[in-house]
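In: Structure, please.
(chains A and B)
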Protein chains: 2
Amino acid sequence: MRIALAQLNYTIGDFDLNTAKIIETIQTCRLKGADLVVFAELSVCGYPPRDFLEFDDFIQKSHSAIDTIAAHCTDIGAIVGAPSRNPDSKGKNLFNSAWLLADGKVQSLAHKALLPTYDIFDEYRYFEPNRNYECITFKGVKIALTICEDIWNLVPDPLYISNPMDVLAAQNPDIMINIAASPFNYDQQKTRLEILRANTSQYKIPLVYVNQVGAQTELLFDGNSCVLDSGSNQVASCKAFDEDICTVDFDPEQKTLTSELTVKSKNSSKAGLIHDALVMGIRDYFAKMGFSKAILGLSGGIDSAVTLALASEALGNKNVYAVLLPSEYSSDHSISDAVTLAKNLDCKYDTISIAEGYNTLHDSLLPYFKELPFSVAEENIQARVRAILLMALANKFGYILLNTSNKSEAAVGYGTLYGDMCGGISVLGDVYKTEVYELAHFINREKEIIPTNSIVKPPSAELRPGQKDSDSLPDYDILDKILYNYIEMRKSPADLLESGFDEAIVKRVLRMVNTNEWKRHQTPPILRVSPKAFGQGRRMPIVGRYLA
Amino acid sequence: MRIALAQLNYTIGDFDLNTAKIIETIQTCRLKGADLVVFAELSVCGYPPRDFLEFDDFIQKSHSAIDTIAAHCTDIGAIVGAPSRNPDSKGKNLFNSAWLLADGKVQSLAHKALLPTYDIFDEYRYFEPNRNYECITFKGVKIALTICEDIWNLVPDPLYISNPMDVLAAQNPDIMINIAASPFNYDQQKTRLEILRANTSQYKIPLVYVNQVGAQTELLFDGNSCVLDSGSNQVASCKAFDEDICTVDFDPEQKTLTSELTVKSKNSSKAGLIHDALVMGIRDYFAKMGFSKAILGLSGGIDSAVTLALASEALGNKNVYAVLLPSEYSSDHSISDAVTLAKNLDCKYDTISIAEGYNTLHDSLLPYFKELPFSVAEENIQARVRAILLMALANKFGYILLNTSNKSEAAVGYGTLYGDMCGGISVLGDVYKTEVYELAHFINREKEIIPTNSIVKPPSAELRPGQKDSDSLPDYDILDKILYNYIEMRKSPADLLESGFDEAIVKRVLRMVNTNEWKRHQTPPILRVSPKAFGQGRRMPIVGRYLA
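Out: Here you go, the predicted model:
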């Protein structure tokens, strides 16, 4: 039996588009001689559909799409993902299901049992967990059909009390098929392959794994669909960060797999992975929002430089507009570094001084500010004048503003709300400052695109004379380590002191993180590249006083 | 046995504060002759703790607090709420538990079985559901001790497959005690009383129900703790929207209840309830963030007028600062209506023209805008200049900016991001425009506070000459009905057409709602008064294309 892995990029809620794409892929795979085409979890409606699932009309549309797709499955079978209705009046109304389509109609369904409800996942919000596990049969092949999380419980401290594959394995299936929507983070490819191998190793049968690809706002799906044989060897794999189809031939007698293709080699450095993920994230955000052009403020610093380089790669250099917005506190090198970068990338750029706007607004406030000293109020006016100018150009000409804040700044609230924290999407909000430097080096791996001076100079917001980030913050190599341990690892202050960090710095950093939830609440969605990003995956009470 | 209902306002993560408050209340209740004092769900750490629960240190601190409180329970018992560790290595690591403390130590625990994971609730994100139900005994009284959602499954289409009270009732308890964190919406008092009565009616034993009170950012807890006898009569109740303690005497032989107090009479009109909830919401947000003073832009329109009146009641008129920010498009009556209101409330107010700021910024952009016609770009500059001025005053003098957008605007994206959509907290973001008028009438119930002219004039953003909301939007009485049916009731376009709404208007409104998720993503937290508010309770994919 020839099985095709269809790794596609879906648009949430666009049933016409997804259905057409799935049908077209079925036809392509038919030409490749496939018997069965496997699509990703909730492929029909796109993942994650979130609260659209609460609309009965959305479920109806999913089912109409299934019928349309099934009509094209005559001499070929397909497995697609879509919600299904729970016939029991008790429990949630829906299942998250895998549908086997063949002979022009729905043949069987398998429901997801383990519903991830942590980090960015909310599946128990919508779905009833499956409690009845049964293998399905297609062309004489007995398939243990599961959905994503269902095969992720083979760990020492399991999140769920049951293991669906244990029950399915007892029915002696020939092969496992898992349809998934497993998002990227820089550790995920390794973790995922380990979990897939734990399954083939435990159950001694091959595994076909089909993931979706593409970005859904902040969630980046890397694809990397693959096939493992019963000896846990990878015999085929799809591309990372792009749509792809691959096929394998499965011999149910011998339980052997052969593949037309070798396993694709992939970028594996952390900076390289983050780079590829962010480029896909920018590209898909624009494509799915129906925009093509980005604008951003180019300061001469490292964050906006890296953002511009990534956007230029994602959207094309002719679709990216850099605006230099100097103030009286901007240094000469800031302007020249920014211009050099824009020229290196061959992007359109302009320079608009914020001095006049700042002075006029400050004059309007003088009767109230009187003789009070220069403070964060004046700093913020500058950042907000920049935002007004960028947004005005965006509104006038149809650009989307890219946010250039990094994760270190977002963590400690080192940024101006409604100023440099503006934007349609945050490109670097899940990348610590020290990782931004790694990205810069990766971007410069073949030639100098980002000027060395932007990389080597001390970071500064340039909102007052001679200001440096290090005036207000610990050095980034210390800060980022504390942040990583607190945010990603959920370490306590006591743990951090034990690791050798200074007590006063730890206390100050944790306090800054916890008292800035209100600021992060209003930031744009952040492209997620780490296992713990700000946004949907990290939900904190704004008025909480823990370590604050 | 005398049981005290302790309805308190907790601060999430402030263990010292919550512990001190609980111990002080135990001492107060001891003086009232109480045998048992009952506190709310997760009272020790505050509800909802959200992802603080992922920090082991947070759980340790909860347990230390329990030990401290238990030491004060010598001649008296207490039931408090706190997370507990799941001893099983399978399943989530925590339970959401009720702890019976007496004789100076922990006597027994009851874990929550039904974990609400919908709307604003995320409990399965953190907790393993309880599967073993056992009554607890205190001073010879057998208690069916449950937590909030555990008693909410007695409905025709139940969300959960099991009913913990069915199992507990079979053990013949004398009384039910339910500790809760049940948030307000304008329907909730009625719904909640119905559910409590369904339980007393089903199990024929009395029910002691203790809710928390106070606001946790956007979530407003109204309290309304109460006691029902086995005949479903309310024999005692605590206040709405305020801390309160009440006691009842329970005779386990006769299963009768007597109360020192009558049931408190409460505001029951929808506008009255929303008013009280919002006043509490503003007050607690400021108190818990450590601020006391609010600033807002006063336009002369109804939304900012109602917001100012509510803030003035919540924080005191001397703590509220109104700023009039007229442009060349502002009408004379806008300014005079705003001034009249500020004088009626005796609030500080100032007038700062935005004309100079607008003109200067527009001049900076002229080389790029050239001869292009006036557009939304120019409208937004005005709204954003207002935001800069308000935020600068807030930053300079320590105010929090109040957002004055209503739910109708938030729904259709009729507002300027980083302009009038700014603020620390949104007061009216869950109140439709037509409901804002009802609130205005409620505020004016005894005398004219909000000028009649602000109520009767046609709504306008005044961002271009002669502009009216009705130029861009359907009339609010139509718009709000469509929005309510789509947002609160999750009706489909077909349902709406069947209800008689115009097809073109329905399509346009639903499209506006669904294509403005990106804007709502960056708005402040919205005080929640309806069953379906924008924010945590409504999670939509930004890049989704459903009905878009």
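
In: The residue in the stretch 1-150 of chain A that chain B sits nearest to - nearest residue in space that isn't next to it in sequence?
Out: Chain B sits closest to residue A:13 of the stretch 1-150 of chain A, with a gap of 2.8 Å, by C-beta to the nearest C-beta. No exception for glycine: its C-beta is placed from N, CA and C like everyone else's. Once flanking residues are discounted, residue A:13 sits nearest to residue B:546: 2.8 Å by C-beta to C-beta, 6 or more residues apart in numbering or on different chains.

In: and that neighbour, how many neighbours does it have?
Out: When neighbours are counted by other C-beta atoms under 10 Å in any protein chain shown, residue B:546 registers 21.

In: Looks to me like it is in a helix.
Out: No: counting by DSSP: H, G, I helix; E, B strand; the rest coil, one finds residue B:546 to be coil, located in no helix.

In: Do I have it right that it meets residue A:54?
Out: No: if you go by C-beta atoms under 8 Å, residue B:546 and residue A:54 don't touch, sitting 11.5 Å apart.

In: those helices in the stretch 251-400 of chain A, which residues are they?
Out: Taking DSSP state H, counting those that start in this stretch as the test, the helices found in the stretch 251-400 of chain A are A:270-289, A:302-315, A:332-345, A:355-369, A:376-397.

In: Would you point to the one among those that's packed deepest?
Out: Neighbour counts (mean count of other C-beta atoms under 10 Å in any protein chain shown) averaged over each of the helices of the stretch 251-400 of chain A peak at helix A:302-315, with a mean of 26.

In: In the stretch 201-350 of chain A, where is pLDDT below threshold?
Out: By pLDDT under 70, the low-scoring segments of the stretch 201-350 of chain A are A:260-265, A:267.

In: which bits of the stretch 401-548 of chain A sit near chain B?
Out: Counting by C-beta under 8 Å from any C-beta of the partner chain, the stretch 401-548 of chain A comes close to chain B at A:417-418, A:422, A:424, A:490, A:492-495, A:518, A:521-525, A:536, A:538-548.

In: re the thing from before, OK, contacts around the residue of the stretch 1-150 of chain A closest to chain B?
Out: Residue A:13 sits next to A:45, A:46, A:49, A:52, A:58, B:541, B:544, B:545, B:546, B:547, B:548 when contact means C-beta atoms under 8 Å, 6 or more residues apart in numbering or on different chains.

In: between the residues you listed, which is nearest residue A:369?
Out: Closest approach between those and residue A:369, by C-beta to C-beta: residue B:541, at 43.3 Å.

In: quick revisit: who touches both of residue B:546 and residue A:54?
Out: By C-beta under 8 Å, 6+ apart, residue B:546 and residue A:54 have no common neighbours.

In: so which of the contacts of residue A:13 is the most crowded?
Out: By neighbour count, taken as other C-beta under 10 Å, the most surrounded of the contacts of residue A:13 turns out to be residue A:46 (29 neighbours).

In: Show me where the stretch 351-500 of chain A has its strands.
Out: A:400-403, A:425-426 (DSSP state E, counting those that start in this stretch).

In: Turn the ones you listed into a markdown table, including mean neighbour count.
Out: Output for the strands of the stretch 351-500 of chain A, formatted as a markdown table (neighbours: other C-beta atoms under 10 Å in any protein chain shown):
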| stretch | mean neighbour count |
| --- | --- |
| strand A:400-403 | 26 |
| strand A:425-426 | 26 |
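
In: a markdown table please, covering these and showing mean pLDDT and distance to residue B:31.
Out: Below are the strands of the stretch 351-500 of chain A laid out as a markdown table (pLDDT from 0 to 100; distance: least, C-beta to C-beta, whole Å):
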| stretch | mean pLDDT | distance to residue B:31 |
| --- | --- | --- |
| strand A:400-403 | 98 | 56 |
| strand A:425-426 | 98 | 55 |
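
In: Format these as a markdown table; extra columns: distance to residue A:206.
Out: Putting these into a markdown table (distance: least, C-beta to C-beta, whole Å) gives the following:
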| stretch | distance to residue A:206 |
| --- | --- |
| strand A:400-403 | 43 |
| strand A:425-426 | 39 |
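
In: List, one by one, the residues from the stretch 1-150 of chain A near chain B.
Out: A:11-14, A:17, A:46, A:48-52, A:54-58, A:60, A:88-93, A:117-118, A:122, A:124-125.

In: taking those residues one by one, which sit in helices?
Out: Of the positions in the residues of the stretch 1-150 of chain A next to chain B, A:17, A:56, A:57, A:58, A:60 sit in helices, assigned by DSSP state H.

In: Just the buried residues of the residues you listed.
Out: A:57, A:58 (16 or more other C-beta atoms under 10 Å in any protein chain shown).

In: and the ones in helices among the residues of the stretch 1-150 of chain A next to chain B as a markdown table, adding pLDDT and distance to residue A:245?
Out: Output for these, formatted as a markdown table (pLDDT from 0 to 100; distance: C-beta to C-beta, whole Å):
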| residue | pLDDT | distance to residue A:245 |
| --- | --- | --- |
| A:17 | 98 | 18 |
| A:56 | 97 | 34 |
| A:57 | 97 | 32 |
| A:58 | 98 | 28 |
| A:60 | 98 | 30 |
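
In: Now the two most distant members of the ones in helices among the residues of the stretch 1-150 of chain A next to chain B.
Out: Of all pairs drawn from these, the widest gap by C-beta to C-beta lies between A:17 and A:56 and measures 21.4 Å.

In: just to revisit the earlier point, for the residue nearest to residue A:13, list the residues it contacts.
Out: Contacts of residue B:546 (C-beta under 8 Å, 6+ apart): A:12, A:13, A:14, A:52, A:55, A:58, B:514.

In: From residue B:517, how far off is it?
Out: Per C-beta to C-beta, to the nearest Å, residue B:546 is found 11 Å from residue B:517.

In: Report the buried residues of the helix or strand of chain A with the lowest mean pLDDT.
Out: Counting by mean pLDDT, DSSP states H and E, chain A has its least confident helix or strand at strand A:256-259, which shows a mean of 87. For strand A:256-259, burial by neighbour count (16+ other C-beta under 10 Å) applies to A:257, A:259.

In: which residues of the stretch 51-200 of chain A fall in strands?
Out: Going by DSSP E, counting those that start in this stretch, the stretch 51-200 of chain A shows strands at A:77-85, A:94-102, A:105-111, A:136-138, A:141-147, A:175-180.

In: Just the mean pLDDT for the third one, thanks.
Out: Computed over strand A:105-111, the mean pLDDT rounds to 98.
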